[in-house]
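Undergrad: Predicted model and sequence follow; I will ask about them next.
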Amino acid sequence: MELLLGVFFFILGAIVGSFLNVVILRYHTGKTLLGRSHCSSCGRVIAWHDLIPILSFFLLRGRCRFCKSKLSVQYPLVEMATALLFLGVFLRYSALFSSPYPLPAAYYLIFLIDLLSFCLLVVITAYDLKHKIIPNLIVYLFVSISFIRTIMLTPTANLIHFSGLVHLLDGPLVALPLFLLWLFSRGRWIGLGDAKLSLGIGWFLTLLPAVSAEVIGFWIGAIVGLLLIAVSKLEHTPLARRLFSRWRLSPVTLKSEMPLAPFLIIGLALVYFLGFDVTGFAVMFTT
């Protein structure tokens, strides 16, 4: 039964990922999210059998059926990432579906909140990579449902005591360092959107796990940045030319603008799913 449910959530995630691609591509363009999908090169409407998540991209060999123009690799990557995230969230909460006894409805609601949270994080990741900006509406939705999640996971009796109210400060405490970096650098070192995102991360993970997530995110971002700078130094070599032309990357220097949100979200995922802890104080994150 668990295997079948795992397959179901993987497929559901791939389908949802297909819709998230539409959100990423049409957000802030004035286009409706309900319109038929069409090729961005020739404008032909795409048939349903060419919209099968993940599979259609490879069956079409990454090209439009009509004009043979290349399709963005974003499509299968977003669909696969969402499918794996849905499967991962299901495995975290598999006890909800295998318990012989009915569990409180709040547990199922938190499960749905986590699925929705990762949908929003996928959109933020892809949009920030594409446009180097975090969409306000999406990040505000993530912050809001993360706050709701914190409230739901805090026992009602504790909400009127200091021990419970402290958890409401998790988000602001995690966001404060990034906000100060944005403030003192006047947006040159870091974007305000990253501080908003960290507010949601703090409430989603709680304080110490969120600190781990952000430290991991900064480490990964620094490593990737240094690797891209190193490759850029070799821009005249065949490997570098192939890399930058294929992925449409620009040469990277120490002054280049790099999106931070994707790395913070990778850190969040590593802490959420694997319990990574780099603080030395936080215990493995559990709900």
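TA: Ah, there it is. Because the structure is a prediction, the values reported are computed rather than measured. Numbers count the residues shown, from 1 in each chain.

Undergrad: Correct me if wrong: residue 132 contacts residue 257.
TA: Yes. Counting by CB atoms under 8 Å, residue 257 is a contact partner of residue 132 at 5.9 Å. C-beta coordinates here come from the backbone N, C-alpha and C atoms, glycine included.

Undergrad: isn't residue 17 right up against residue 87?
TA: No. Under the criterion of CB under 8 Å, residue 17 is not in contact with residue 87, lying 11.8 Å apart.

Undergrad: Neighbour count: the two, which is higher?
TA: Between residue 17 and residue 87, counting by other CB atoms under 10 Å, residue 17 is the more crowded of the two (26 against 20).

Undergrad: Which helix or strand contains the more buried one?
TA: helix 2-26 (DSSP states H and E).

Undergrad: Can you give me the buried ones in the helix or strand just after that helix?
TA: Toward the C-terminal end, the helix or strand that comes next after helix 2-26 (DSSP H and E) is helix 55-59. Neighbour-count burial for helix 55-59 flags 56-57 (criterion: 16 or more other CB atoms under 10 Å).

Undergrad: got a list of contacts for helix 55-59?
TA: Helix 55-59 is contacted by residues 49-50, 52, 71, 73, 75-76 when judged by CB atoms under 8 Å, 6 or more residues apart in numbering.

Undergrad: Would you mind writing the CA trace of that helix as PDB?
TA: Output of helix 55-59 as PDB, limited to C-alpha atoms (Å, rounded to 0.1, in the frame of the first residue of the first chain):
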ATOM      1  CA  LEU A  55       8.100  11.900 -20.400                       C
ATOM      2  CA  SER A  56       7.000  14.200 -23.200                       C
ATOM      3  CA  PHE A  57      10.200  16.300 -23.100                       C
ATOM      4  CA  PHE A  58      12.300  13.200 -23.800                       C
ATOM      5  CA  LEU A  59       9.900  11.600 -26.300                       C
END
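
Undergrad: any low-confidence regions in this structure?
TA: Counting by pLDDT under 70, the chain shows low-confidence ranges at 155-165, 234-237, 239-255, 281-287.

Undergrad: Cool, thanks, talk later.
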